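*Asks:* any chance you could fold what I've pasted below:
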Amino acid sequence: MTTNTAAAWRELAARDTVLLDGFHALKHALRFGAEVPLAVAEDRAAALDLARDLAPDLHPRLAELLTPVPPRDLAALVPRPHPTGVAALARPAPRPPVPGRGPVVVLENPRHLGNIGAVIRLAAGAGAAGVITTGTADPWHPAVLRAAAGLHYATAVDRAGGLDTLPPGPLYGLDPAGTDIRSVPVPDGALLAFGSERPGLSPALKERATGLVALPMREGVSSYNLATSVAMALFHWLSRPG
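*Replies:* Just a heads-up that it's a prediction; the model follows:
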C-alpha cells in the first residue's frame, strides 16, 4: 500500500464515512447506489474473481475501484479484516422510509448491533419499506453494517428521535399477550414494532399501538431471537393473499 492510499483512507475515515467490511458488503452497497470513494483488497485478483462469479454486473466498477494493499497494511486500517480481504469506505445514507412501500420495521431501543444488522438484511430481502431504531444504538455502526452485509443501501435505515417522530400508519407491536399475528392482516405502510428480548416493548409504545400481535410459539418457550421474530412477521406480510 502506498503512503498516499493510507493517508487517503485515514482522511476519509475521519470524515462522514462508514466502513464496508468485506466483499459482500461492498458488492451490495455498490449495487444499490452507495457512494464509495475508496476500496482496498489484499488480493485484488481474488476479489475480482469473486466479482466475476458473484457480481458480474459490478466487475468493471470494482476493477476501477479496488486498490491492492498487503495484508499487514489492511490490518492497520481495519480493526478486524474480513476473510475476503476487502474493505471500503462509503458515505452513509440515512433516510426515512417511503410511506406505502411495505411495512416499516421499528426496533425499540435495540442493544445488540449484530441483531440490528440481521434485521436490516431481512428487511432489504423482504422488500420492507425500511428499518427505524430508537435509543442510543447507531444503526450505521460498523458492526451493524458488517452484519447487514452492506444492505443498508437497499432499504431505508434511520434512527428516530423518539416515538413521536415515527412515520404515520397503523402500528402493530409484537407482544406475547397480543392477538395471533396469523389472524391480523398487515397492510403496506404499517409499522411493525419489536422490543429488545428481555424488556420487550415499552408501555408508551404499547399505549400508542393500533394493536398488539403475537407470534405463534410452543408453550414453555419464552421468546425468539429478534431477527427470527422480524423474519416471521415479514413472512406473514409477504404471504398475504394477492
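*Asks:* low-scoring stretches of the chain, by residue?
*Replies:* For the chain, the stretches with pLDDT under 70 are 1-3, 242.
*Asks:* what does the longest strand belonging to the chain rub up against?
*Replies:* With DSSP state E applied, the strand covering the greatest number of residues in the chain is identified as strand 171-180. Around strand 171-180, the neighbours that count as contacts under Cβ atoms under 8 Å, 6 or more residues apart in numbering are 106, 181, 184, 186, 190-195, 200-201, 205-206, 208-217, 223, 229, 233. Using the backbone N, CA and C atoms, a C-beta is placed for each residue, glycine as well.
*Asks:* drop anything exposed from those.
*Replies:* Applying a neighbour-count criterion of 16 or more other Cβ atoms under 10 Å, the buried members of the contacts of strand 171-180 are 106, 181, 184, 186, 190-195, 200-201, 205-206, 208-209, 212-215, 229, 233.
*Asks:* mind listing which of the residues you listed are in helices?
*Replies:* Helix and strand membership here follows DSSP state H; of those, those in helices are 205-206, 208, 229, 233.
*Asks:* tell me how this structure divides into domains.
*Replies:* By the record's domain assignment, the chain is partitioned as 3-90, 104-238 (automatic domain parsing).
*Asks:* please, which helix or strand holds the residue nearest the centre of the chain?
*Replies:* Closest residue to the average C-alpha location of the chain: Ile120 at 2.9 Å, with Cα atoms, centre = their mean. Using DSSP states H and E, Ile120 falls within helix 113-126.
*Asks:* parallel or antiparallel, list what pairs with the helix or strand that that helix is followed by.
*Replies:* Along the chain past helix 113-126, the next helix or strand (assigned with DSSP H and E) turns out to be strand 130-133. Listed by DSSP bridges, the sheet partners of strand 130-133 and their directions read strand 104-108 (parallel), strand 156-159 (parallel).
*Asks:* hey, which of those is tucked in deepest?
*Replies:* Compared across these, strand 104-108 shows the largest average neighbour count, a mean of 26 (mean count of other Cβ atoms under 10 Å).
*Asks:* got the angle for it vs strand 171-180?
*Replies:* Per axes from the mean of the first three to the mean of the last three Cα atoms, to 10 degrees, the angle that strand 104-108 makes with strand 171-180 is 90 degrees.
*Asks:* Val36: what's it in contact with?
*Replies:* 20, 26, 29-30, 65, 88-91.
*Asks:* quick one: contacts for the residue nearest to Ala233 when sequence neighbours are not counted?
*Replies:* The spatially closest residue to Ala233, leaving aside those adjacent along the chain, is Leu192, at 5.2 Å (Cβ to Cβ, 6 or more residues apart in numbering). Applying Cβ under 8 Å, 6+ apart to Leu192 gives the contacts 103-106, 172, 174, 186, 230, 233-234, 237.
*Asks:* can you tell me which of those residues lies closest to Arg146?
*Replies:* Looking at the contacts of Leu192 and their distance to Arg146, the nearest is Val230, at 18.1 Å (Cβ to Cβ).
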